[in-house]
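Undergrad: 3D, please:
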Amino acid sequence: MSTLKVKLLSAFAVVLFLSFAVQADQVGRYSDDEFGPVVRAYLGYLKNEQEVVDDRVSRREISSTYYRRNSNRIRALRQMAVRLARESHNDYLPELEAVVVDEFRLLFEHPQPASTLKVGDVIKNTFRFLGTVRSGEVFYVFARLDPYEQAELNEKGSVSIKKEPVTTEVSTPKPVTRSRKVVP
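TA: Below is the predicted model:
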């Protein structure tokens with residue numbers, strides 16, 4: 001092969017590589033006019049949270065481990081928010097929570113194993129599992145159900161509600177007391 005052909009193929013390969021790199025970089029990017037005011041406000045909130053974390057680490061108020069996890073969490077929340085907004089074409093986001101496996105107890109008293117979660121699962125009529133985002137670590141992202149969704153699920157009984165054990169003992173009723181309003 002002539003050196004001219006090799007140079008042309010090399011140049012073509014470099015251009016092709018750069019175009020893929022630019023496209024990959026644009027996946028996480030968005031413009032302000034792409035979303036409505038609610039989504040933009042949430043993304044602005046996440047940006048402010050990142051600035052707070054950056055400021056705290058610069059003043060050595062937090063450890064590098066804490067900084068890294070919280071920066072990754074903010075990135076995971078941003079990715080999920082952008083994905084939800086793009087998929088729904090709606091200017092609405094639920095309250096999002098992103099946790100790693102060792103933080104499940106922050107959301108759930110008795111967490112189920114992460115391997116059993118499926119996208120769309122509703123846990124304890126409180127959270128809907130939205131999926132995972134790899135941002136340094138694997139973050140499990142949940143949407144907190146609004147009170148209307150929770151009430152609807154409770155009416156349907158879609159999740160077993162922990163019931164009090166049935167006893168055959170007869171218990172004496174406890175007196176009902178109410179605090180009295182003290183007027184000076």
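Undergrad: wait, residue 76 sits on residue 133?
TA: Yes. Using Cβ atoms under 8 Å, residue 76 is in contact with residue 133, at 4.0 Å. Every C-beta, even on glycine, is put in place using the N, C-alpha and C of the backbone.
Undergrad: The two: which is more packed in?
TA: residue 76 (24 against 20; other Cβ atoms under 10 Å).
Undergrad: residues touching that one, list them.
TA: 98, 133, 135, 139, 141 (Cβ atoms under 8 Å, 6 or more residues apart in numbering).
Undergrad: what residues are shared contacts of residue 76 and residue 133?
TA: Taking Cβ under 8 Å, 6+ apart as the contact rule, residue 76 and residue 133 both touch 98, 139, 141.
Undergrad: what's in contact with whichever helix or strand the second one is part of?
TA: Okay, so that is residue 139. For residue 139, the host element (DSSP states H and E) is strand 137-144. For strand 137-144, the external contacting residues (Cβ under 8 Å, 6+ apart) are 69, 72-73, 76-77, 80, 94-101, 104, 107, 114, 117, 123, 126-133.
Undergrad: Which of those fall in strands?
TA: 95-99, 123, 127-133 (DSSP state E).
Undergrad: quick revisit: now flag whichever of the contacts of residue 76 is closest to residue 84.
TA: Using Cβ to Cβ, residue 141 comes nearest to residue 84 of these, at 9.4 Å.
Undergrad: Report the beta-bridge partner residues of the closest one.
TA: residue 98, residue 131 (DSSP bridges).
Undergrad: any idea how far it lies from residue 81?
TA: 9 Å (Cβ to Cβ, to the nearest Å).
Undergrad: tell me, what's touching those two both at once?
TA: Shared contacts of residue 141 and residue 81 (Cβ under 8 Å, 6+ apart): residue 96.
Undergrad: more neighbours, the two?
TA: A direct count of neighbours by other Cβ under 10 Å for residue 141 and residue 81 places residue 141 higher, at 24 against 21.
Undergrad: Let me know the pLDDT of the more buried one.
TA: Turning to residue 141, the model gives it a pLDDT of 96.
Undergrad: which stretches of the chain have low pLDDT?
TA: By pLDDT under 70, the weakly predicted segments of the chain are 1-32, 158-184.
Undergrad: Would you mind getting the angle between the strand holding residue 139 and strand 95-99?
TA: Between strand 137-144 and strand 95-99, the angle comes out at 150 degrees (axes from the mean of the first three to the mean of the last three Cα atoms, to 10 degrees).
Undergrad: Show me what secondary structure element comes after strand 137-144.
TA: Following strand 137-144 in sequence, per DSSP H and E, is helix 147-156.
Undergrad: buried ones in that following helix?
TA: Burial within helix 147-156, assessed by neighbour count using 16 or more other Cβ atoms under 10 Å, is assigned to 149, 153.
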